[in-house]
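Enquirer: Sequence first, predicted model second:
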Amino acid sequence: MKTIRVNLSDNSYNIYIDEGLLEKIGDTLVKEKTPCKTLLITDKNIEKVYGSIVSESLLRNKFDVRLVSLTPGEEQKTLETAFILYDACFDHKLDRNSLIVALGGGVVGDISGFVAATFMRGIPFIQIPTSLLAQVDSSIGGKVAVNHPKGKNMIGSFYQPRAVFIDTDTLATLPATELVAGLVEVIKYGVIKDAELFEFIEKSLYDILQLNHDALLKIIATSCQIKANVVEEDEKEKHLRAILNYGHTIGHAIETVTNYKKYRHGEAVAIGMLYAARIAIDMGLTDNTVFERQLSLIKRLGLPLQTGLKPEEIVKTLYADKKVISGRLRFILPTQIGEVIISDQVTEEILHRILNKPL
Ligand SMILES: NC(=O)c1ccc[n+]([C@@H]2O[C@H](COP(=O)([O-])OP(=O)(O)OC[C@H]3O[C@@H](n4cnc5c(N)ncnc54)[C@H](O)[C@@H]3O)[C@@H](O)[C@H]2O)c1
Ligand SMILES: [Zn+2]
């Protein structure tokens, strides 16, 4: 088992990564938390395959478990669903020493964390992420949220889990499209912080897609470590944490213009990363290989490259974003594979030029 420590003074926690971890989740958890009343939150897809494995392991270790299973999908990440979960907390008589367990992808993790952060002003929670995106990204770092009709993830908080348990075996049942979308975030970590990780993905893509355990362990552990390091330095996203948004500026605009229906998050981010690399080249910050290497990986993953969207539409959406600071956009731009800068020097003119050129 690989263990990664996230050092956040009083809010520090461990990320455990291993195969076959779900069966022994209770045995590992008792080392962190005395058995208590526990609300296990999951979704129907995940419940089918892993619900009883996890609840039985917890029960064997004297956790008093109640399982709640949501309808899968982003549409469920709302205050209305949170309310149903609060009801379950009351029904199961949870108190400040109880536990919420999030078993699932980023949707389950985000809403469970939000409920844990707000029920009785905060009760302990742990994450058992089952999608690659959740394992390398959403389960770490303590951003918890629900969506509002006027904006995604707009109602939320920073609230760290007590521990994260990643079982690489769960990826065996994850649909291939979800695996690939999650891999985009791993490629992102390579571009922003770790040239060796990027090279490893280039060399081992076949093994990764075949779910070879060693390859998965390597990419997941490295990604978790990078995210942990960034979050340790900037827990509340004052500055450095923004580098995790590489590819996300244009990516989010594409998701917004298409109403979050046409592209998976990872697919939109992949396109966003390629445009960001193009911008960096245009501004003389880097050379073409930074773009070409990303393009080649993204093509090998079979991800879409064309949006069919009008550049003006994307630009308009970019400037309408709530994160625009005094009229300037903030971009994360690569200077080489493994290194990025945060820039507010990207002009509308550059954007039009870049977006008008097909990838
Ligand atoms: N908190 C953060 O820092 C952060 C970061 C990135 C993304 N997010 C959020 O994460 C969410 C996206 O997460 P996601 O991509 O995991 O989506 P998701 O939770 O909707 O999961 C994707 C699909 O895969 C299914 N699934 C998950 N694991 C499975 C498994 N092992 N086997 C079979 N099916 C499985 C789910 O039921 C769902 O249908 C978004 O809401 C996004 O806002 C949060
Ligand atoms: Zn992302």
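Expert: Looks like it came in fine. Ligands and ions are numbered 1, 2, ... in the order given.
Enquirer: So which bits of this structure are right by ligand 1?
Expert: Neighbours of ligand 1 within the chain, by CB under 6 Å from any ligand atom: 43, 45-46, 49, 72, 74, 77, 104-108, 110, 130-131, 133-134, 137-138, 141, 143, 153, 170, 173-174, 178. Placement of C-beta: from N, CA and C, glycine included.
Enquirer: Buried residues of the longest helix along the chain, list them for me.
Expert: Counting by DSSP state H, the longest helix found in the chain is helix 213-233. Neighbour counts over helix 213-233 (16 or more other CB atoms under 10 Å) mark 215-228, 230-232 as buried.
Enquirer: Over to stretch 198-217?
Expert: The neighbour-count check on stretch 198-217 (16+ other CB under 10 Å) flags 198, 200-201, 204-205, 207-208, 215-217 as buried.
Enquirer: re the thing from before, what's the longest helix of the chain packed up against?
Expert: With contacts taken as 3 or more CB pairs under 8 Å, 6 or more residues apart in numbering; DSSP states H and E, helix 213-233 sits against strand 2-6, strand 13-18, strand 163-167, helix 176-193, helix 195-209.
Enquirer: Apply 6 Å and report the result again.
Expert: The helices and strands touching helix 213-233, judged by 3 or more CB pairs under 6 Å, 6 or more residues apart in numbering; DSSP states H and E, are strand 2-6, strand 13-18, helix 176-193, helix 195-209.
Enquirer: mind checking which of these is nearest Tyr159?
Expert: Among these, strand 13-18 comes nearest to Tyr159, with 11.6 Å by CB to CB.
Enquirer: Sheet partners, orientation included, of that closest one?
Expert: strand 2-6 (antiparallel), strand 163-167 (parallel) (DSSP bridges).
Enquirer: Could you tell me the angle between the direction of the last one and that of helix 213-233?
Expert: It stands for strand 163-167. 160 degrees (axes from the mean of the first three to the mean of the last three CA atoms, to 10 degrees).
Enquirer: List of residues touching strand 163-167?
Expert: Here strand 163-167 makes contact (CB atoms under 6 Å, 6 or more residues apart in numbering) with 13-17, 21-22, 25, 32, 126-128, 135, 139.
Enquirer: As TSV, these with distance to Phe158 and pLDDT would be great.
Expert: Formatted as TSV, the contacts of strand 163-167 follow (distance: CB to CB, whole Å; pLDDT from 0 to 100):
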residue	distance to Phe158	pLDDT
Tyr13	13	97
Asn14	19	97
Ile15	17	98
Tyr16	22	97
Ile17	23	97
Leu21	26	97
Leu22	27	98
Ile25	25	96
Glu32	20	88
Ile126	17	98
Gln127	14	98
Ile128	20	98
Gln135	20	98
Ser139	14	98
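Enquirer: top of those by neighbour count?
Expert: Of all the contacts of strand 163-167, the highest neighbour tally under other CB atoms under 10 Å goes to Gln135, namely 34 neighbours.
Enquirer: For Asp169, see how far away it is.
Expert: 12 Å (CB to CB, to the nearest Å).
Enquirer: and if you look at Glu237?
Expert: Glu237 is 32 Å from Asp169, by CB to CB.
Enquirer: related to what we said a few turns ago, which one of the buried residues of stretch 198-217 is nearest ligand 1?
Expert: For the buried residues of stretch 198-217, the residue nearest ligand 1 by CB to the nearest ligand atom is Leu216; the value is 12.5 Å.
Enquirer: Give me the pLDDT value at the closest residue to the closest one other than its chain neighbours.
Expert: Leaving aside its chain neighbours, Leu216 sits nearest to Thr168 (4.6 Å; criterion: CB to CB, 6 or more residues apart in numbering). Listed pLDDT for Thr168 reads 98.
Enquirer: just Ile325 next, same as before
Expert: 74.
Enquirer: tally of neighbours for the residue lying closest to it once chain neighbours are set aside?
Expert: Among residues not flanking Ile325 along the chain, Asp344 sits closest, at 7.3 Å (CB to CB, 6+ apart). Neighbourhood size, Asp344 [other CB under 10 Å]: 12.
Enquirer: Asp344 against Ser326, yeah?
Expert: No - counting by CB atoms under 6 Å, Asp344 does not reach Ser326; the two are 9.0 Å apart.
Enquirer: and Gly105, what does it touch?
Expert: Contacts of Gly105 (CB under 6 Å, 6+ apart): 131, 134.
Enquirer: if you set the cut-off to 8 Å instead, what comes out?
Expert: Counting by CB atoms under 8 Å, 6 or more residues apart in numbering, Gly105 touches 43, 46, 129-131, 133-134, 138, 178.
Enquirer: Please tell me which one of those counts the most neighbours.
Expert: That'd be Thr130 among the contacts of Gly105, by other CB under 10 Å, with 31 neighbours.
Enquirer: what are the phi and psi angles of that residue?
Expert: phi -120, psi -10 (degrees, to the nearest 10).
Enquirer: contacting residues for the closest residue to it other than its chain neighbours?
Expert: Spatial nearest neighbour of Thr130, chain neighbours left out: Thr170 (4.3 Å); criterion: CB to CB, 6+ apart. Thr170 makes contact with 22, 50, 130 under the criterion CB under 8 Å, 6+ apart.
Enquirer: how is the chain carved up into domains?
Expert: Following automatic domain parsing, one finds the domains of the chain at 2-174, 177-355.
Enquirer: so how many other residues sit close to Asn147?
Expert: A count of nearby residues for Asn147, using other CB under 10 Å, gives 22.
Enquirer: ok, now Gln345?
Expert: If we define neighbours as other CB under 10 Å, then Gln345 has 14 of them.
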